[in-house]
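1. quick one, fold the following:
(one chain, ligands or ions: 1)
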Amino acid sequence: MADIRVMREDLPPAQPPRRHLISIRDLTREDVERLLATARTFEHSLEREVKKLPTLRGRTVVNVFYESSTRTSSSFELAAKRLSADTMSIKAAGSAVDKGESLKDTVLTLGAYDPDVIVIRHPQIGAPQLVARYCSARVVNAGDGKHQHPTQALLDLYTIQQEVGRLEGVHVAVVGDVLHSRVARSLVQALDLVGARTTLVGPPPLLPRGIEQLGCETSSDIGAIRDADVVYVLRMQRERMQAGANYVPSLREYTARWGVTPERLRPGQKVMHPGPMNRGVEIDPAVADAADSLIQSQVRAGLVTRMAVLYDLLTHGPIPVPAEAALEVA
Ligand code: NCD
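-> Residues are numbered from 1 along each chain as shown. A predicted model of the protein is given here:
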């Protein structure tokens, strides 16, 4: 009879559990600090003439986007490429999704290529969990309905830390259509995690009841933005609004009461926006283009933050902050 002890010893070492980034709730403060530090290291590596690192050579990252995207999809693709991973980008339009294929069947198909990471954006809450169930890749949520968009929150923290110099105690006012915003939900949780403060500002019908439980205050008075260090502007997300629902009397009225204009800001207040912007609606063009606008910094932060997320998920468990030299080792 076989000796069970010997058989156990013959087994390969247990695989560490698969890690995903589906919600800010998946992260501890320590995780966030490690990711931001890794992103900073990558930022230094991008200052060199040759921008590609061999870190993820031989790994495969698949981006699956069921909703429109410019910044998020391009930055994930470039992030994977800068780390030398193989990448594929599938958009719902022009793929078999157009022919009625379900998310499950698309995931089973892509899973056959053994990808290491699947990055998914989908209009339905919970789509990333479904991807995790039907394939063995690590999953990154690039936005599921109005639920979560964790890498946007991380890149926003990175931007604030770089431009304001700290996160602890910083006061951020998020203005606009909070009700339909996964960006707002992730950002409130992320700011709370690192000891920053959030006030959500907007028309009462666009401030979800009970959102204070996530760790923030709310106000329907645009004057509340004056106390903040950073004013974070959100778009009216009309494609996510229920048909026929009237959240504001008109866009013109919204702009008049809650639009972020130079007159409503204090000198030195920083302004952020996740994009896409509707200039002249939620944000005055003069604010978007001012020296205190961090919108372009956010886009740059998106690349290095997503490089850090891919790197972190593929190197099991909490890791020490990598020295630049260590990142060179494939
Ligand atoms: C946001 C999104 O898709 O949730 N955009 C983005 O990722 N940069 C915000 C929005 O669509 O308004």
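2. give me the below-cutoff pLDDT ranges for the stretch 1-150 of the chain.
-> Applying pLDDT under 70 to the stretch 1-150 of the chain flags the ranges 1-16.
3. so Val97 is in contact with Tyr66, correct?
-> Yes: assessed by Cβ atoms under 8 Å, Val97 is found in contact with Tyr66 at 6.8 Å. The way it works is simple: take the backbone N, C-alpha and C, and place the C-beta from them, glycine included.
4. can you pick out the residue with more neighbours from these two?
-> Set Val97 next to Tyr66 and count neighbours by other Cβ atoms under 10 Å: Tyr66 wins out with 22 against 17.
5. the closest residue to Ile118 other than its chain neighbours - how many residues pack around it?
-> Once flanking residues are discounted, Ile118 sits nearest to Ala137: 4.5 Å by Cβ to Cβ, 6 or more residues apart in numbering. The tally of other residues near Ala137 (other Cβ under 10 Å) stands at 25.
6. do Pro150 as well
-> 28.
7. and it, what does it touch?
-> Neighbour list for Pro150: 21-24, 26-27, 141, 186, 190 [criterion: Cβ atoms under 8 Å, 6 or more residues apart in numbering].
8. please repeat the previous calculation with a cut-off of 6 Å.
-> Shown in contact with Pro150 (Cβ atoms under 6 Å, 6 or more residues apart in numbering): 21, 24, 141, 186.
9. do a quick rundown of the strands in the stretch 101-250 of the chain.
-> Under the criterion DSSP state E, counting those that start in this stretch, strands of the stretch 101-250 of the chain are mapped to 117-122, 138-144, 171-175, 197-201, 217-219, 230-233.
10. those strands: which one's closest to Gln129?
-> Nearest to Gln129, of all those, is strand 138-144, at 8.0 Å by Cβ to Cβ.
11. that older thread, mind listing what the residue nearest to Ile118 touches?
-> Applying Cβ under 6 Å, 6+ apart, the residues near Ala137 are 115, 117-118.
12. rerun at 8 Å
-> Neighbour list for Ala137: 62, 111, 114-118, 131 [criterion: Cβ under 8 Å, 6+ apart].
13. of all those residues, which two lie farthest apart?
-> So, those by Cβ to Cβ: farthest apart are Asp114 and Val131, at 14.3 Å.
14. of those two, who's got more company?
-> Between Asp114 and Val131, counted using other Cβ under 10 Å, the more crowded position is Val131 (28 against 10).
15. the ligand contacts on the stretch 1-150 of the chain?
-> Counting by Cβ under 6 Å from any ligand atom, the stretch 1-150 of the chain comes close to the ligand at 71-72, 143, 149.
16. of these - the most surrounded one?
-> His149 (27 neighbours).
17. hang on, that residue packs against Ala142?
-> Yes: using Cβ under 8 Å, His149 is in contact with Ala142, at 7.1 Å.
18. give me the common contacts of the two.
-> Thr72.
19. tell me which residues touch the closest residue to Trp258 other than its chain neighbours, please.
-> Among residues not flanking Trp258 along the chain, Ile222 sits closest, at 5.2 Å (Cβ to Cβ, 6+ apart). When contacts are counted by Cβ under 8 Å, 6+ apart, Ile222 is found next to 175, 201, 257-258, 264.
20. go again using 7 Å as the cut-off
-> Contacts for Ile222 (Cβ atoms under 7 Å, 6 or more residues apart in numbering) come out as 201, 257-258, 264.
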